[in-house]
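[1] Turn this into a structure:
(2 chains)
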Amino acid sequence: MTMTQTVTPVAVPARATARWQLLARRATFLIGAAILVFWIVCAIFGESIAAYSPLAQSLLAANTGPSAAHWFGTDQLGRDMLARVITGSREILVVTFLATLLGTVCGTALGLAMGYFGGALDLIASRVVEAVLALPSVIVAFLFIVALGPSTVTLVIVIGFIFTPLIARTVRAAVLAERDLDYLPAARLLGAGAWSVMFVEILPNVLPAILVEFSVRLGYAIFAVATLSFLGFGIQPPTPDWGSDIAANYGVLAAGYWWETLFPALAIASLIVAVNLITDSMEQVMSS
Amino acid sequence: MAAFLLRRFGLMLLTLWLLSLIVFFAGQILPGDPGRAILGPLAAQNAVHSLDVQLGVDRPLLTRYFSWLGGIFHGDLGLSYSFRAPVAPFVWHALFNSLKLAALAFVVVVPLGIGGGVLAALRAGRLTDRVISVTGLTLATVPEFVSGIVVIVLFAVTWKLLPVTASAGAGASPGAQFQHLILPAIPLIFVLFGYFARMTRAGTIDVLAADYTRTAVLKGLPRRTVLLRHVLRNSLLPTITVIATQTGYLIGGLVVVEKLFNYQGIGLLIYNAAQSKDFPMLMAGVLTVGVVYALATLAADLLLIALSPRLRTAAIGHSGTEPKGGGAA
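    Reported below is the predicted structural model:
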């Protein structure tokens, strides 16, 4: 019983362009893309946009509410929350993008090989993938991050490797749908080797499925990194980061200092919703 | 049938064995010298060495692995570094607390998610469907600590309706305990609602389009009968798998929620053990969670086969429950 069978339409250049046009006409895609672009701009130019440095402390101005000078208020060390929210987008975007990219590249290579060669390789790799999938991945991530010590590199590698089997499974299913099509024997008759058939012939045709998978995983990665940062095992202070800012400030919620947690929380929510809007419209366009 | 059960059970044992290897690898090899980790960088080398001998970590790796694994089969999960006491009672106590919280979340979210999903499927493409789908998607993707903070601000700080901590204290009445668990359950319910509603909606739409549903309608059966007898019975099958695989997510969610609400469950136990590098406690906690997860997916597979005659006969070709890339992956 197959739970998700990704059916990939054969992509020819004309259809790929048509697909982008369809995507660009969807309101959900445009809204999602606009929010994502906004955060990417903040990540790149954060320091120049913000009126204050995200690290500049001012103990005299600690815990002040939103005002004309500090739109989002200040935190317990008197740091400007608006500056921290703006620059807080950088680390999480970099980490999640790299982790998802690592998982997608490894997963695509593994999935292509499993689907193309089949046989013993597929059988053994499928069993290993199945076993890894059966472990609660958050817990495994947690265990390795604790053992290796939290750092940006650890986060990228651990999340990337957890995503690898998930992406490999999707790519394998997409490759299996392609394997019996006529263009593959034709390419082989023309003398193309296994590598060239996999990466030159099959890969472009399963690319739409991989793109959707990338965007799905990116959403999960943001969720995971934000959660790990909140727990203190992700991005480390004083680097501005939404998850660790919430962890540092939720203790003073009861005292009424809601702005110190609410704005980073809204930032996380907006980024995740944006990625999901993009994913959702991509899935709908691909399946139409 | 028997062959399938045997295969499914074998697969579960394989998974658990793999988990034990991963847990042992991460817990024993990566941290380096446990004696050094406990006593700190300033302790004398001979003190570190005698502690290592006392903990048995000076023995060869394989010996340690098998003695650890053998201990588990006798209910001995090792000694906690932090408490210098057996780990097992802590783990059982925490697991029991977590099960209470998880049960409350499931009791609320299962009917809510299934109901929402069926309603959305019946009104597919219309406003009701869009509202349920978009709300579900949004709730499912917002991390628990974000929604948890919002409910704390609203219900505990602003309106002062419910307590902000999850544990009611020793000897509290079941009613008081329940009241303390309402707020922590909400973030879990939010995330799970989206998944359940989405799967139920997809399953129901498939079944509504199936030939046998059309036949049932055309032969003049009342709408209610068609829905209950023909549609729901078939459309809920995938949902069962999702419910089971979401226990994997739930465990990740519990770490966050229990930390946020300071609730002495398995999530907080794992978190605290990780914070204090108490590896025996951490390993025991993670392994327990893995066993619970494996049992949940096994139970779901068996239930699925019991409910679906088609699977009962075709079970031999079945490859087990695969998680659908759960929540906080």
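
[2] C-alpha from now on. contacts and neighbour counts both.
    Will do.

[3] any chance you could map the helices in chain B?
    B:2-24, B:34-39, B:45-55, B:61-73, B:88-122, B:127-141, B:144-151, B:174-208, B:211-218, B:223-225, B:233-260, B:266-275, B:279-307, B:309-314 (DSSP state H).

[4] Now the fifth one: buried residues?
    Neighbour-count burial for helix B:88-122 flags B:88, B:90-91, B:94-95, B:97-98, B:101-102, B:104-106, B:109-110, B:112-122 (criterion: 16 or more other CA atoms under 10 Å in any protein chain shown).

[5] how deep is A:P165 tucked in, by neighbour count?
    Counted with other CA atoms under 10 Å in any protein chain shown, the neighbours of A:P165 add up to 27.

[6] count of residues packed around residue 148?
    This is for chain A. Counted with other CA under 10 Å, residues neighbouring A:L148 total 15.

[7] not quite, I wanted chain B
    23.

[8] Check the one 4 residues further on too.
    Residues lying near B:I152 (other CA under 10 Å) number 24.

[9] do the same with A:G219
    A:G219: 24 surrounding residues under other CA under 10 Å.

[10] host element of it?
    Assigned by DSSP states H and E, A:G219 belongs to helix A:203-231.

[11] Just give me how far that helix sits from the chain centre.
    4 Å (CA atoms, centre = their mean, to the nearest Å).

[12] hang on, the earlier thing: using CSV, lay out the helices of chain B together with mean pLDDT.
    Shown next, in CSV, are those (pLDDT from 0 to 100):
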stretch, mean pLDDT
helix B:2-24, 80
helix B:34-39, 69
helix B:45-55, 77
helix B:61-73, 80
helix B:88-122, 90
helix B:127-141, 81
helix B:144-151, 84
helix B:174-208, 86
helix B:211-218, 84
helix B:223-225, 81
helix B:233-260, 78
helix B:266-275, 88
helix B:279-307, 83
helix B:309-314, 62
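
[13] Same list, those helices, but as a markdown table with distance to chain A please.
    Shown next, in a markdown table, are those (distance: least, CA to the nearest CA, whole Å):
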| stretch | distance to chain A |
| --- | --- |
| helix B:2-24 | 5 |
| helix B:34-39 | 11 |
| helix B:45-55 | 18 |
| helix B:61-73 | 17 |
| helix B:88-122 | 15 |
| helix B:127-141 | 6 |
| helix B:144-151 | 5 |
| helix B:174-208 | 11 |
| helix B:211-218 | 20 |
| helix B:223-225 | 28 |
| helix B:233-260 | 5 |
| helix B:266-275 | 6 |
| helix B:279-307 | 6 |
| helix B:309-314 | 9 |
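
[14] can I get these in JSON lines with distance to A:G118?
    Listed next are the helices of chain B as JSON lines, based on distance: least, CA to CA, whole Å:
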{"stretch": "helix B:2-24", "distance to A:G118": "21"}
{"stretch": "helix B:34-39", "distance to A:G118": "44"}
{"stretch": "helix B:45-55", "distance to A:G118": "47"}
{"stretch": "helix B:61-73", "distance to A:G118": "34"}
{"stretch": "helix B:88-122", "distance to A:G118": "37"}
{"stretch": "helix B:127-141", "distance to A:G118": "35"}
{"stretch": "helix B:144-151", "distance to A:G118": "40"}
{"stretch": "helix B:174-208", "distance to A:G118": "30"}
{"stretch": "helix B:211-218", "distance to A:G118": "35"}
{"stretch": "helix B:223-225", "distance to A:G118": "46"}
{"stretch": "helix B:233-260", "distance to A:G118": "27"}
{"stretch": "helix B:266-275", "distance to A:G118": "40"}
{"stretch": "helix B:279-307", "distance to A:G118": "27"}
{"stretch": "helix B:309-314", "distance to A:G118": "23"}
